[in-house]
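Asks: how does the following fold in three dimensions:
(chains A and B)
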Amino acid sequence: MSVQTLPDDASRQFLAPYAELKPALPGADSDWLANLRDDGADAFRQRGFPGSKVEDWRYTSLAPLTKSAFDWREPEATLDAEQLPALVFGREASCRLVLVNGRLSRDLSAVAGLPDGATLMGFAEAADQSPDLLREALGGESVLADQPLAALNTAFMADGFVLHLADGVVLEQPVEILSVGTGGKQPPLYHPRNLIVAGADSRATVIEHHVGLCIGAYFANVVTEIVAGERSIVRHCKVQDESREAFHIAATNVHVGRDAMLDSFVFAVGGHLSRNEIRVKLAAPGAHCRLHGAYLMRGTQHCDNTTIIDHAAPETNSHELYKGVLDDEASGVFQGKIVVRPDSQKIDGHQMNRALLLSDKAQINSKPELMIYADDVKCSHGATAGELDDEALFYLRSRGVPEAQARRLLVEAFLNEAIDGIALAGMRMPLEQAVARWMSGAAR
Amino acid sequence: MALNAQTIEQVRDLGKYKYGFETEIEMETAPKGLSEDTVRFISAKKNEPEWMLEWRLRAYRHWLTMKTPEWAHVHYPPIDFQDSYYYAAPKSDDDRPKSLDEVDPKLLETYKKLGIPLEEQKFLAGVAVDAVFDSVSVTTTYKKQLEDQGIIFCSISEALQTHPELVRQYIGSVVPYTDNFYATLNSAVFSDGSFVYIPKGVRCPMELSTYFRINARDTGQFERTLIIADEGSYVSYLEGCTAPQRDENQLHAAVVELVTHDDAEIKYSTVQNWYPGDEDGKGGIYNFVTKRGACRGRNSKISWTQVETGSAITWKYPSCILQGDNSVGEFYSVAITNNAQQADTGTKMIHLGKNTSSRIISKGISAGKAEQTYRGLVRIGPRATGARNYTQCDSLLIGDKCGAHTVPYIESRNRTARVEHEATTSKISDDQLFYCRQRGIGAEDAVALIVNGFCRDVLQHLPMEFAVEAQKLVGISLEGSVG
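Replies: Take a look at the predicted model:
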């Protein structure tokens, strides 16, 4: 590809180490992967960091990120096994991969009880051992087309996790991926690349848990790709609890096949600047997705939830519900787009975003969007923003509930609608506890 | 599939635009093209004060630095702004008719064809009409009665002669000349429009109305309307338009500014039925309009009601800036696009004052190959304590080749504000159609009936004179779209 002028200095800076790092990145000896990386670098070189003029990014400024200097060298993992239990979310999972600063730590990981036909490994391992598996599913064209940060990830992806399920394989237990950011003298920067390929009639639950083990800054630029085969069910539960200084930009791109189902839940409490973008393509009739999410922000945190649901085939359904609580000077963004393509008839698409503002300086920007090109559809969206209901508060106060507790009850009740939707019963309790912890002001 | 055959037949019949005719009247036109000279010509022609010319020139120079906006979901070939006339006035301009009898009979004929019974209006519904035929206001009735109350209702060129201080105070105060590409163009070359001033405490005794018509070929009409409601006053203003059939696209870039002071209210209603082009989108009007109202005073109110059925392309966002405490903004809209029409329309509600409230009801109907977008913004400023917004926008799709899109922006910076937004998109339910059909109602009538029901929340906000016309328009606009 021809050399293009870079849009700005920051983009150039982020791409600068590419030539030096490239030979050492996993799979450097396989041509197709090297080419994919080059394409990623080219795509990012052309687009650069999106500014506020880019419609998808109008409410989220990457200025704090692009102004920071990051250490792009191999970060050193500094995590002891004793620190692990405190970080684990919810119950003990028998099958867990631990990534420290984006790199798989075999010592801390435990992979047991996986049935035949199920493979769980690190991205670097997969690039070495089973490149065919990656080649099949990695890097859909959309990643490079209009997601500049995902393109950056494609250039630099070094590790992450890969879960592959052969046809008909059912995972009874959830798989937990714990991604720990430790910070460092100079804030580290890493690009985890994750892949879930679920064969026909398979079932899996993946908990992607991002947690910060420091108060310092770092930048996690995550891309997760999910391919749900025919009649498969993939449940993806993501908990974003990064450090309060961290940058977390994530893209989750999902391809849902015939009669398959994606169930996604995103819980965000951490990060200084975070964005979780989910793109779902309902590619064949009978495909179905459910996107739920909850975010709680305070201080000067900024959280962006952007989703695009593409009804690319007839008889596909989607259901979406996001709820946010914003305190102090926090700001929240919800952008949800439902696209119904021409001739995609018999569509059901419903979307709801509710935000609760707890302080005078908090703000929410919502942009629900419907793009409908077929007529036999039932699509709706709704968005609300407001404070706690005075009457509900008064009701509780009049019955002797102290104000702080009454507020907590109401906020918990508000979020429960989203959290209750989690099919994974084992996750509900820890999430509810996390909400309670957040309400009591503990930053974790 | 008898229905389909019927549809095809009806679509074929639709080729003729009901109001498509052209009156041959000699025009006095500015030279073709746009330059500072054109701006000076227009200003001189209207004998405008020096400051007005300077303002126009500032706008023109700013316009040269601007680019055509491309964010709207509409597609059209680039407009050649040099290939158009910017001023056209009926020949009889120099000696204006003093009464109806003096009006060019051909004009009266035109109005008759349009269905405006100008002569009978004294007996009808108390409507005073400031009829704009192309660029210059030709006749104003009921002036005397309005004058007695101190109401000023005249063309903006006339107001520039008689009340220059009022025009100077308010023009560009709601839509500054730098606002957007088409508003800036309008500021430079606006031809004429209405000026209304309602003095303190006066309730305007009748609905004020302007009937617009684009007539001369290739004459973009740049209408500018300014309505000011002083403390405690009320006015209801009606605007409606039809245009003759023609092949070349015509640009219509209007600016409407409304200002309400303490306790004042303006109700602004529009029925827009410009020529929409043929079934393939050939011809038709480009309607790029900037409409904005400022609720400056406490307890003031601005209400927009629009029925948009015409134009090849509509690009229009009547907005309210709610500055005064307790002020109210309303937007009721029905937009119908058929065949190859495109519409990108919606509203902006900017809440700045305390306890401000706004209500948005938008009903979009898309048929044929039409594309329609609702684009709206609700912004709650940090000081808008107790602000309240309710938005409902529903889209109805008729046919599988059309598109309906909803793009609301909701920005809240105040905890105590409550913002609610709801939107749905669906087609006419088969059950409802079947119910009507099995009771012997024809498919076409059934659709008109159901669509009228769908739009009811909006149509009922129109003044009586318009409500009847609008209901018929809804039916006519959708003719041939049932399938």
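Asks: in chain A, which spans are helices?
Replies: Using DSSP state H, the helices found in chain A span residues A:9-15, A:18-21, A:31-47, A:63-67, A:84-87, A:123-129, A:131-137, A:141-146, A:148-156, A:390-398, A:403-419, A:425-439.
Asks: again with chain B
Replies: Counting by DSSP H, the helices of chain B are B:2-13, B:36-45, B:50-64, B:105-114, B:143-148, B:156-162, B:164-170, B:181-189, B:430-438, B:443-454, B:456-459, B:464-477.
Asks: out of these, deepest packed?
Replies: Comparing these by mean neighbour count (mean count of other CB atoms under 10 Å in any protein chain shown), helix B:181-189 ranks first with a mean of 25. Just so you know, the C-beta spots here come from the backbone N, C-alpha and C atoms, and that holds for glycine as well.
Asks: show me what that helix is packed up against.
Replies: helix B:36-45, helix B:50-64, strand B:255-260, strand B:285-295 (3 or more CB pairs under 8 Å, 6 or more residues apart in numbering or on different chains; DSSP states H and E).
Asks: I'd like the ones you listed as a markdown table, with distance to residue A:396 appended.
Replies: Listed next are the helices and strands packed on helix B:181-189 as a markdown table, based on distance: least, CB to CB, whole Å:
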| stretch | distance to residue A:396 |
| --- | --- |
| helix B:36-45 | 66 |
| helix B:50-64 | 57 |
| strand B:255-260 | 41 |
| strand B:285-295 | 37 |
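Asks: dump those into JSON lines; add mean pLDDT and distance to chain A as well.
Replies: Below are the helices and strands packed on helix B:181-189 laid out as JSON lines (pLDDT from 0 to 100; distance: least, CB to the nearest CB, whole Å):
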{"stretch": "helix B:36-45", "mean pLDDT": "89", "distance to chain A": "31"}
{"stretch": "helix B:50-64", "mean pLDDT": "95", "distance to chain A": "20"}
{"stretch": "strand B:255-260", "mean pLDDT": "96", "distance to chain A": "26"}
{"stretch": "strand B:285-295", "mean pLDDT": "93", "distance to chain A": "21"}
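Asks: nearest to residue A:231, of those?
Replies: In terms of CB to CB, the element of the helices and strands packed on helix B:181-189 nearest to residue A:231 is strand B:285-295, at 50.1 Å.
Asks: chain B contacts on the stretch 251-400 of chain A?
Replies: With CB under 8 Å from any CB of the partner chain as the criterion, the stretch 251-400 of chain A meets chain B at residues A:342-343, A:345, A:355, A:357-387.
Asks: circling back to that earlier point, worst mean pLDDT among the helices of chain A?
Replies: Per-stretch mean pLDDT for the helices of chain A is lowest at helix A:141-146 (a mean of 70).
Asks: put the buried members of the residues of the stretch 251-400 of chain A next to chain B into a PyMOL selection.
Replies: Here is the PyMOL selection string for the buried members of these, based on 16 or more other CB atoms under 10 Å in any protein chain shown:
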select buried, chain A and resi 345+355+357+358+360+361+362+363+364+365+366+367+368+369+370+371+372+373+374+375+376+377+379+380+381+382+383+384+385+386+387
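Asks: in strands, which of the residues of the stretch 251-400 of chain A next to chain B appear?
Replies: Among those, the members found in strands (DSSP state E) are A:355, A:357, A:363-372, A:377-386.
Asks: which pLDDT does the model give residue B:277?
Replies: pLDDT, residue B:277: 78.
Asks: quick one, what contacts it?
Replies: Contacts for residue B:277 (CB atoms under 8 Å, 6 or more residues apart in numbering or on different chains) come out as B:249, B:283-284, B:312, B:339-341.
Asks: which residue is the nearest non-sequential neighbour of it?
Replies: Distance criterion CB to CB, 6 or more residues apart in numbering or on different chains; nearest residue to residue B:277, sequence neighbours excluded, is residue B:284 at 2.7 Å.
Asks: next: residue A:139.
Replies: Once flanking residues are discounted, residue A:139 sits nearest to residue A:36: 5.1 Å by CB to CB, 6+ apart.
Asks: show me the shaky parts of chain B.
Replies: Applying pLDDT under 70 to chain B picks out residues B:1-28, B:88-143, B:210-220, B:241-249, B:465, B:480-483.
Asks: which residue does the stretch 101-250 of chain B bring closest to chain A?
Replies: residue B:180 (15.9 Å; CB to the nearest CB).
Asks: and that residue, how many neighbours does it have?
Replies: Residue crowding around residue B:180 was assessed by other CB atoms under 10 Å in any protein chain shown; the count is 17.
Asks: wouldn't it be in contact with residue B:290 here?
Replies: Yes - counting by CB atoms under 8 Å, residue B:180 touches residue B:290, with 6.3 Å between them.
Asks: could you find the closest non-adjacent residue to the residue in the stretch 251-400 of chain B positioned nearest to chain A?
Replies: Across the stretch 251-400 of chain B, no residue is closer to chain A than residue B:397, which sits at 3.8 Å (CB to the nearest CB). Take residue B:397 and drop its neighbours on the chain: the residue closest to it by CB to CB, 6+ apart is residue A:375, 3.8 Å away.
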